[in-house]
Structure formats: structure tokens, C-alpha cells
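Engineer: Sequence and predicted structure, then a few things I'm wondering about:
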Amino acid sequence: MKMQWPPVYNPSYFPAPDEPYWNRTLETMDPGEREQRVILPKLQAQLTYAYENSPFYRKKWDEAGIKPQDIRSLKDFEKMPCVTKEEIRRDQVEYPPFGSNLCVPPRELARVQGTSGTTGKPTAFGISRGDMARIAEAHARIMWGFGVRQDDIVFIGSFFSLYWGSWGALLGTERLGAAAFPFGAGVPGQSERGLEWMKEVKPTVFYGTPSYSLYLAEKARAMGIDPRKDFNFRILFFSGEPGAGVPSTKKRIEETYGGICIDSGSTAEMAPWMADSECAHRKGMHFWQDIVYAELVDRETHRRVPYGQEGVTVYTHLERNSQPMIRFWAGDIALWVNDPCPCGRTYPRLPKGIYGRADDMFVIRGENVYPSAIENVIRGIEGMGDEFRIVITREKTMDEMTVQAERSPQADPAIMPALKSRLAGELKSRGLRAVVQLMEPGTLERTEFKAKRVIDQRRIHDEITGRK
């Protein structure tokens, strides 16, 4: 298999409508053969290109005493140092706006994207025209894998801003040949108008965050609209939050809309972000390794963990010529396997999805707690609503976790004491000691983007008391 790097894809290519694979050869190839014939050559080409064109990587790898020619196997690649968000941000402060990792001249850029900066300084991404075409190709291929076809209408219900998610969904939809319905989100009154449009146009595919889909369903019911009967969604795919990989949330979305719930997405730095995505069988997200090479690594050694074990996600672009990320420490926590998937693809899978990011985890009295574990409990109880918050406080030296949740509008208010007792018991049975506050529907703030589920007030307590 002769390889051109970076690859150039035929924009007029489409599989037959009944073909389950966009690229059957690549997607069903023996994993060992794919690693040797496809992934390793692409990786070596990407490394050589980055060393020659990126002062950022040349300096980093020279300081580590490693060169691209030293990487003769994927095992060798584990010696390469990881890159963090903080490094990228510092580099962009020193070399604004894109940092010293922009490998193409500005005239070759087609798009400027970026992070929201909600957890620090925003990160700027400069994307070349060639990379835009490759990102579109990757997203189309993966969307095809979970069942989107040319006769679909894809409702994109997320912010059109620097945020990559909406644009990736739009690029993939257009490349795949489906009809894009880029409705957006975040404008006052947008949700109500969106529900009217969905009822009228009846798009067949939904994209957004899990929280937003459940928020829209709540709004719909208040307007007398049944999301399952009055809409026409057969596929709902999501990014931005771990919710679509949480079993009870996935079940709730599927029961609400009557379509299949697809979990996808890695992190904005790694566009095409859908290179982590489920197929139509929904047995956990695949790592589409010949597009973005993903590793699950040990937190301390940064070496790959064996299949069947839990690790932290590290990602490497294999097709980017503008601003490649190489061994990017994304910090997602997951467990991976290489068991066969019913779809026939031979990529590693995350059977439990992504639990959350390493920096989402919090520690209560020595116990590691992931918000997604609490979400799974709440949304698995009939009569509970969709909104919840986790409030962490500190009294003297003792941490306290309070779980605030709402009853469903359809649930009888008389059962609230029983719901509260059951939620407390379910949490306790999973080793999660919490004070439960059960609230009336509509009490907690709603969002059209990423829900803020954890409110950690311990830092405020420590500042007041002078505790270090």
C-alpha cells in the first residue's frame, strides 16, 4: 500500500448507500497489519514533518534527546514526551497568536478556531485548507459508520463560534452529502424556535450536547410537543460531555427521542474530534487509529497500558500539516479493549465510554469520585429529572458532598420522600456518601451548552480560614 502524506482524498467519492463502511479495507484490516502498513508510516511521516517545520517540537524533542528517525515502532513512540494544554498556552503567549507550532505560512490558513478559555487562556488553532478537507473526510467517514446517509437532514444544535464541535459536525455532514440544518444554540428564544423547526422540518439526525438534548425535550413537553412522536430523529450524536457514554443517560435519550444515542468526541485540540466515536452498534467508542492515533497510558510512566486496563488518553494527529498535536495529553479516563465489535471494525474500543477527564475527578474523604458515576445513578431512577448538581463543601477539616437533583415533572410530588431515600441509598451502595437534596422541577439552572455539574466550594473555605 503506497502512502502519500499528507493524504489527499477524492471529494467525489461515496460508498454505496447499503455499504456499512466508508473504507472497508482500512476499517476491517487486521490490527497488526494496519499498525505496520498504515499507522506507523503515517506516524513517521508526521513526526518528520513536525520536526522540520515546527520549532515547538524541534526544541522539545531535542531537549528530550530523541529524533523522528529513532521511532522505528509504535513501542518506540512511547518514549516521545507528551504535550499538555498548558505548554501550548505558554507557547502561544510567547509566540502569538498560534505559537511556534504553526507549520504552514498564514496564507495557507483556511480557518481560525479555538477553545472557549473557560478553564484558562483560550487556545488558537490555525487550520490549513488541506487539513480542513481531511477533517471533513474523517468526520464523514465516522458519521457514515454510525449510520448517517445522504438522504438524512442533520440538525446541528450547538454554538457556532470558536468551538470546534459544531463546525466538525457541519463539515462531516456536507462532505457525506447529507443536508445540514445548522440551527445553532445560545440565542434567547432559540430553543423554542428550534422545537418549532424540528416539528416542521423533521430532521433525522441530531447533534449537540447530551444536556442540551434533554433540555430541549423538557421544553418540548412544556409546549405540548412529544419529542418521540412529533420529531423524526433516528440518530442523535453528541460531544462536549461524557453523558452520551453514561448508560442511564444514553437510555433516557433513546427513550425520549426514539433514536439511537451515539457517543463521540475527544478534545478541541484533536480535530477531527470524532476520531473517538461509537458505531451504530453502540458498544463503546472506537479509536479510529489510522486517522488519529490514540493511546491509553499510565498516569505516571506515560506508557501504554494493556488492553483490559484503565488509562489516560493521549492523542496524535496522523494527517495534520498546519498545527499537529503529537502525544497530546487529553486527560480522558477510560478502559480499552480489542475484542471484536459486531460492526466488524477492528479498532480498539472503550466499552464503558469516557468516564470524564482526569481534572474532572474530585476526591472526597480519600475516595476518587467521577461526576458521570453520580449521573448514571440519578438518571437510572424512574421519577428523577434530568438536571443535577454536585456541591462540595468543607467544614473544618471534613469534606461534604451534596447532590442536588430534581424530580421529573411527570412524577407525583407525593413520591419525593421515597425518591430522595432511594437516591441516597443507591449512591451509598456505590460507596458515594452524600447529602441528598431533592428539588422541584425547574429549580436548577439549565444550559444550552456544556452543563456545569460540579461546584467545589472548598477553595473558598480554605482562603477564608487560611488553610493551605
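Structural biologist: All right, it came through fine. Numbering: from 1, shown residues only.

Engineer: which strand in this protein runs the most residues?
Structural biologist: For the chain, the longest strand by residue count, based on DSSP state E, is strand 384-395.

Engineer: For it, buried residues please.
Structural biologist: 384-394 (16 or more other CB atoms under 10 Å). The C-beta positions use only the backbone N, C-alpha and C, and glycine is treated the same way.

Engineer: and it, what does it pack onto?
Structural biologist: helix 210-222, helix 371-378, strand 398-407, strand 454-456, helix 458-465 (3 or more CB pairs under 8 Å, 6 or more residues apart in numbering; DSSP states H and E).

Engineer: Turn the ones you listed into CSV, including distance to residue 239 and mean neighbour count.
Structural biologist: Converted to CSV, those look like this (distance: least, CB to CB, whole Å; neighbours: other CB atoms under 10 Å):
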stretch, distance to residue 239, mean neighbour count
helix 210-222, 9, 22
helix 371-378, 15, 22
strand 398-407, 24, 19
strand 454-456, 19, 15
helix 458-465, 29, 12
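
Engineer: Local confidence estimate at residue 375?
Structural biologist: On the pLDDT scale, residue 375 is placed at 88.

Engineer: heads up, I number from 578, so please use that
Structural biologist: All set: I'll call the first residue 578, so the last point we hit is now residue 952.

Engineer: Just give the closest residue to it, not the sequence neighbours.
Structural biologist: residue 823 (5.2 Å; CB to CB, 6 or more residues apart in numbering).

Engineer: now do residue 846
Structural biologist: residue 902 (5.2 Å).

Engineer: Tally up the residues packed near that neighbour, please.
Structural biologist: 22 (other CB atoms under 10 Å).

Engineer: got a pLDDT number for the nearest residue to residue 644 once chain neighbours are set aside?
Structural biologist: Among residues not flanking residue 644 along the chain, residue 638 sits closest, at 6.6 Å (CB to CB, 6+ apart). Predicted confidence (pLDDT) for residue 638: 98.

Engineer: same thing with residue 1045?
Structural biologist: Value listed for residue 1045 in the pLDDT field: 49.

Engineer: same thing with residue 694?
Structural biologist: On the pLDDT scale, residue 694 gets 54.

Engineer: Low-confidence stretches in the protein?
Structural biologist: 578-579, 693-697, 933-938, 942-944, 973-974, 1025-1026, 1036-1045 (pLDDT under 70).

Engineer: Name the SS class of residue 911, please.
Structural biologist: Recorded secondary structure, residue 911: strand (DSSP: H, G, I helix; E, B strand; the rest coil).

Engineer: any chance you could map the helices in the stretch 778-927 of the chain?
Structural biologist: 787-799, 804-807, 824-834 (DSSP state H, counting those that start in this stretch).

Engineer: Could you pull out the buried residues of the shortest one?
Structural biologist: What it means is helix 804-807. Quick answer for helix 804-807 (16+ other CB under 10 Å): residue 804.

Engineer: From the contact counts, what lies against that helix?
Structural biologist: Helix 804-807 sits against helix 787-799, helix 824-834, with contacts defined as 3+ CB pairs under 8 Å, 6+ apart.

Engineer: For that helix, which outside residues touch it?
Structural biologist: Applying CB atoms under 8 Å, 6 or more residues apart in numbering, the contact partners of helix 804-807 are 776, 793-794, 797-798, 832-835.

Engineer: nearest to residue 1024, of the residues you listed?
Structural biologist: Distance to residue 1024, by CB to CB, is smallest for residue 793 among the contacts of helix 804-807, at 11.4 Å.

Engineer: ok, the closest one - contacts?
Structural biologist: So residue 793 contacts 734, 768, 771-772, 804 (CB under 8 Å, 6+ apart).

Engineer: any idea how far stretch 609-627 is from the chain center?
Structural biologist: 24 Å (CA atoms, centre = their mean, to the nearest Å).

Engineer: returning to what we had before: do I have it right that the residue nearest to residue 846 meets residue 845?
Structural biologist: No: between residue 902 and residue 845 there is no contact under CB atoms under 8 Å: 10.2 Å.

Engineer: can you give me the strands for the stretch 578-727 of the chain?
Structural biologist: With DSSP state E, counting those that start in this stretch as the criterion, the stretch 578-727 of the chain has strands at 686-691, 701-705.

Engineer: for those, which one sits closest to residue 1010?
Structural biologist: With CB to CB as the measure, strand 686-691 is the member of those nearest residue 1010 (39.8 Å).

Engineer: okay if I get the helices and strands packed on helix 804-807 as JSON lines plus distance to residue 863?
Structural biologist: Formatted as JSON lines, the helices and strands packed on helix 804-807 follow (distance: least, CB to CB, whole Å):
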{"stretch": "helix 787-799", "distance to residue 863": "19"}
{"stretch": "helix 824-834", "distance to residue 863": "16"}
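
Engineer: which stretch among these comes nearest residue 873?
Structural biologist: helix 824-834 (20.4 Å).

Engineer: quick one: contacts of the closest one?
Structural biologist: 783, 787, 790-791, 794, 804-805, 808, 810, 813, 820-821, 837-838, 840, 859, 952-957, 963.

Engineer: Figure out how far it is from the centre of its chain.
Structural biologist: 18 Å.

Engineer: Please identify the buried residues of it?
Structural biologist: For helix 824-834, a neighbour-count test (16+ other CB under 10 Å) marks 825-827, 829-830, 833-834 as buried.

Engineer: do stretch 853-860 as well
Structural biologist: Applying 16+ other CB under 10 Å to stretch 853-860 flags 853-857, 859-860 as buried.

Engineer: CA atoms of it as CSV?
Structural biologist: The C-alpha trace of stretch 853-860 is given here as CSV (Å, rounded to 0.1, in the frame of the first residue of the first chain):
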residue,chain,number,x,y,z
ASP,A,853,-13.3,8.8,19.1
SER,A,854,-16.8,7.6,18.2
GLU,A,855,-19.2,4.8,18.5
CYS,A,856,-20.6,2.8,15.5
ALA,A,857,-24.2,2.1,15.1
HIS,A,858,-24.0,-0.9,17.4
ARG,A,859,-23.1,1.3,20.4
LYS,A,860,-20.7,-1.0,22.1
